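Peer 1: have a look at this prediction, sequence included:
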Amino acid sequence: MKGLIHSFESAGTVDGPGIRFVIFVQGCHLRCLYCHNPDSWHLKHGHEYSVDQVIEEAKKYRTYMRFSNGGVTITGGEPFFQHEFTGEILRRLKELSIHTAVDTSGFCNLNIARPILENVDMVLLDIKSFLPDVYMRVAYRPIEPTIKFARYLQEINKRTWVRFVLVPGLTDDPKNIKGVASFITGMQNVEKVEVLPFHKLGEYKWEELGYKYRLKNTQLPKPEDVHKAKQIFINHGLQLH
């Protein structure tokens, strides 16, 4: 089986526990305003790999994974966009007893995701917003699939880390942050929450692709704003990453 890959990262340290081999698959349904990989949206920008080739790349770093209690993380793009390709990679990794994680928005067909999640040890779930109108402004897609996906992760008790990007004037309304915190409070499968300050590291890619970067005039969040956001999650009894 073959699929399209955006890129690889050989020693990732922010996409799950330990040192990880990170696979960026091509393709995504969302169009997030702050996306730093807009070149991963369309399949035409990807590089063709077979599952065997991907597995061989990952196996090169098994020593680092084993030493650090790491593994492989599949991100993107969106891992479930090329669901058959992603599913086969994960199945093969589990045959090799390699720890697996997926970094996903949860915007996918749950019937397709269910069997794939059987070979996933943990999920990094990006919750863009809890207010539906803000979610639509951020991603140009509805929030409902993400909510449904999160509830399914709770149902099967899948180990989960939640990620939330703090964007001034967009996602930073305390009402929105409290909504995310309240939604995941009590979910025993959610181990940690990571508040990610908005950055513009991918702005040049938007320009190179001829896309209008709508957050050009958005300021980066101040340290005190990040602290306030984190405090809301802490006040809800949640552990920060």
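Peer 2: Thanks, I have the structure now.

Peer 1: could you use CA atoms for every contact and neighbour count after this?
Peer 2: OK.

Peer 1: quick one: secondary structure of Cys108?
Peer 2: Assigned with DSSP: H, G, I helix; E, B strand; the rest coil, Cys108 falls in the coil class.

Peer 1: which residue is nearest the middle of this structure?
Peer 2: Asp103 (3.2 Å; Cα atoms, centre = their mean).

Peer 1: quick check: bridge partners of it?
Peer 2: Leu124 (DSSP bridges).

Peer 1: touching, it and Phe80? I think so.
Peer 2: No - counting by Cα atoms under 8 Å, Asp103 stays clear of Phe80, with 9.8 Å between them.

Peer 1: who does the top strand by length along the chain pair with, and is each partner parallel or antiparallel?
Peer 2: When the chain is scanned for its longest strand (criterion: DSSP state E), the result is strand 2-12. When sheet partners are counted by DSSP bridges, strand 2-12 sits next to strand 20-25 (antiparallel), strand 47-50 (antiparallel).

Peer 1: what is the helix or strand just after the shortest one packed up against?
Peer 2: Using DSSP states H and E, the helix or strand that directly follows strand 47-50 along the chain is helix 51-59. The elements that helix 51-59 packs onto, with contact taken as 3 or more Cα pairs under 8 Å, 6 or more residues apart in numbering; DSSP states H and E, are helix 83-95.

Peer 1: contacts made by the helix it packs on with the rest, please.
Peer 2: Helix 83-95 is contacted by residues 1-3, 51, 54-55, 74, 79-80, 99-100, 112-113, 116, 119-120 when judged by Cα atoms under 8 Å, 6 or more residues apart in numbering.

Peer 1: again, only this time at 7 Å
Peer 2: By Cα atoms under 7 Å, 6 or more residues apart in numbering, the residues outside helix 83-95 that reach it are Met1, Lys2, Gly3, Val51, Pro79, Phe80, Thr100, Ile116, Asn119, Val120.

Peer 1: grab the CA positions of the longest strand of the chain and hand them over as PDB.
Peer 2: Provided in PDB are the C-alpha atoms of strand 2-12 (Å, rounded to 0.1, in the frame of the first residue of the first chain):
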ATOM      1  CA  LYS A   2       1.200   3.500  -0.800                       C
ATOM      2  CA  GLY A   3       0.200   7.000   0.500                       C
ATOM      3  CA  LEU A   4       1.400  10.600   0.500                       C
ATOM      4  CA  ILE A   5       3.800  11.900   3.100                       C
ATOM      5  CA  HIS A   6       4.500  15.600   3.800                       C
ATOM      6  CA  SER A   7       7.700  15.000   5.900                       C
ATOM      7  CA  PHE A   8       9.400  13.100   8.700                       C
ATOM      8  CA  GLU A   9      10.900  14.300  11.900                       C
ATOM      9  CA  SER A  10      13.500  12.000  13.300                       C
ATOM     10  CA  ALA A  11      13.800  13.100  17.000                       C
ATOM     11  CA  GLY A  12      10.600  14.800  18.000                       C
END
